[in-house]
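Asks: sequence unavailable; structure follows:
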C-alpha cells in the first residue's frame, strides 16, 4: 500500500514537472492558438472558473504577468501548486523499499 502511494506521488511530481517544462518551452502563441478543450464552454457556451488557466500559466512562465492575470487570476495559484509538487521530488525523503 505504501509503495503504491509513493509510486503515485512520483508520477504526479513527474507530470507537474513535464507540464511546467512544456509550457516554459512552447511559445505562448502556440498555447493561445491551440484548441479550446473546456467541456463547460463547449456544451453550455459559458466560461468556467478554469478557462484561461493553461494560457495564464504559460504567460507567467514567460514573464508576461499582466497578460496572465487577464486570462485567469487563478493561474498564479496553479503555477505555485505545480512548482511545489514538482520541486517536492527534491525535498521529500525517498523510501528505501
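Replies: Great, that's in hand. The structure displayed is predicted, hence computed values, not measured ones. Residues are numbered from 1 along each chain as shown.

Asks: show me where the chain has its helices.
Replies: For the chain, the helices defined by DSSP state H occupy 2-25, 28-33, 39-44, 53-61, 65-71, 75-91.

Asks: neighbouring contacts of the fifth one?
Replies: To tie it back to what came earlier, the one meant is helix 65-71. The list of residues contacting helix 65-71 from outside it, by Cβ atoms under 8 Å, 6 or more residues apart in numbering, reads 28, 52-53, 55-60, 75-76. Yep, even glycine has a C-beta here, placed from its N, CA and C like the rest.

Asks: in it, what counts as buried?
Replies: Neighbour-count burial for helix 65-71 flags 67-69, 71 (criterion: 16 or more other Cβ atoms under 10 Å).

Asks: I'd like those residues as JSON lines, with pLDDT and distance to residue 48 appended.
Replies: As requested, the buried residues of helix 65-71 are arranged in JSON lines below (pLDDT from 0 to 100; distance: Cβ to Cβ, whole Å):
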{"residue": "67", "pLDDT": "95", "distance to residue 48": "20"}
{"residue": "68", "pLDDT": "95", "distance to residue 48": "18"}
{"residue": "69", "pLDDT": "95", "distance to residue 48": "18"}
{"residue": "71", "pLDDT": "93", "distance to residue 48": "13"}
